[in-house]
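*Asks:* let me see the structure of the following:
(2 chains)
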Protein chains: 2
Amino acid sequence: MILEMATLDVKVDMQDEFEAAFSQAQSIISAMQGYVSHELKSCVEVPNRYLLLVNWETLEDHTEGFRGSVEYLRWRELLHHFYDPFPVVEHYQAVSLPDP
Amino acid sequence: MILEMATLDVKVDMQDEFEAAFSQAQSIISAMQGYVSHELKSCVEVPNRYLLLVNWETLEDHTEGFRGSVEYLRWRELLHHFYDPFPVVEHYQAVSLPDP
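*Replies:* Numbering: from 1, shown residues only, chains lettered A, B, ... in the order given. Have a look, this model is predicted:
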């Protein structure tokens, strides 16, 4: 499983509009091939900052499947104009820790 | 519930040592008052980068309880020398999204 992580800085005074748009947009990712789960949380320390965490079965389910889909065009249209700066998206994978 | 999030950049060639130290250190947070769960994951795109996510019952369980504890001294001793730069820690909370 792969965790997509993005810190989202939303333009000043657009939080309510962003949350309404995200409420619509989350049904788009939730229906994609390889989608496992997602969470949107808001930052305690930085106003207008959110954290988006999405679990995907594989990296390619996000980077190729979702980003190459027709549904992504709608996702982008709903959400991308809220961000400033445009977010950096990273992917994280499980670590096998040694025995302590 | 509050999510603590930190992106951890570990010094070059110290990943194995860091993972061994984290394997010890995770028993420290896991035993703290207000600790709920944690995950350590490694970044696909950036070598030596990790993501630490810790769920706490309240913000103060982390910022006052843990950081003000004797146990934190041991946590710091085990882990802080691996980081460059020293990580920024943020806290995130649930968002109540409107109906779509």
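*Asks:* so, low pLDDT: which residues of chain A?
*Replies:* Within chain A, no range satisfies pLDDT under 70.
*Asks:* what residues does it put near chain B?
*Replies:* Within chain A, the positions adjacent to chain B are A:2-3, A:5, A:19-20, A:22-24, A:26-27, A:40-46, A:49-51, A:59, A:90-95, A:97-100 by C-beta under 8 Å from any C-beta of the partner chain. From N, CA and C alone the C-beta is placed, and that goes for glycine too.
*Asks:* of those, which belong to strands?
*Replies:* A:2-3, A:5, A:40-43, A:49-51, A:90-94 (DSSP state E).
*Asks:* got a quick PyMOL command for the buried subset of the residues you listed?
*Replies:* In PyMOL, this line selects whichever of these come out buried by 16 or more other C-beta atoms under 10 Å in any protein chain shown:
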select buried, chain A and resi 2+3+5+40+41+42+43+49+50+51+90+91+92
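*Asks:* and the ones in strands among the residues of chain A next to chain B, which is closest to A:H80?
*Replies:* Distance to A:H80 across these (C-beta to C-beta) is lowest for A:Y50, with 13.8 Å.
*Asks:* quick one: contacts for the closest residue to the closest one other than its chain neighbours?
*Replies:* Nearest residue to A:Y50 in three dimensions, chain neighbours excluded: A:L8, at 4.3 Å (C-beta to C-beta, 6 or more residues apart in numbering or on different chains). Residues near A:L8 by C-beta atoms under 8 Å, 6 or more residues apart in numbering or on different chains: A:R49, A:Y50, A:L51, A:L52, A:F82, A:Y83, A:P87.
*Asks:* swap the cut-off to 10 Å and go again
*Replies:* A:L8 sits next to A:18, A:22, A:40, A:42-43, A:48-52, A:79, A:82-84, A:86-87, A:89 when contact means C-beta atoms under 10 Å, 6 or more residues apart in numbering or on different chains.
*Asks:* quick one, helices of chain A?
*Replies:* With DSSP state H applied, chain A shows helices at A:15-30, A:59-60, A:70-79, listed in chain order.
*Asks:* which one of the ones you listed lies closest to B:V36?
*Replies:* Nearest to B:V36, of those and by C-beta to C-beta, is helix A:15-30 at 23.5 Å.
*Asks:* quick one: that closest one to chain centroid distance?
*Replies:* 10 Å (C-alpha atoms, centre = their mean, to the nearest Å).
*Asks:* so which bits of stretch A:54-67 are buried?
*Replies:* Buried residues in stretch A:54-67, defined by neighbour count with 16+ other C-beta under 10 Å: A:V54, A:N55, A:W56, A:L59, A:D61, A:H62, A:T63, A:G65, A:F66.
*Asks:* swap in stretch A:81-89?
*Replies:* Result for stretch A:81-89 [16+ other C-beta under 10 Å]: buried residues A:F82, A:Y83, A:P87, A:V89.
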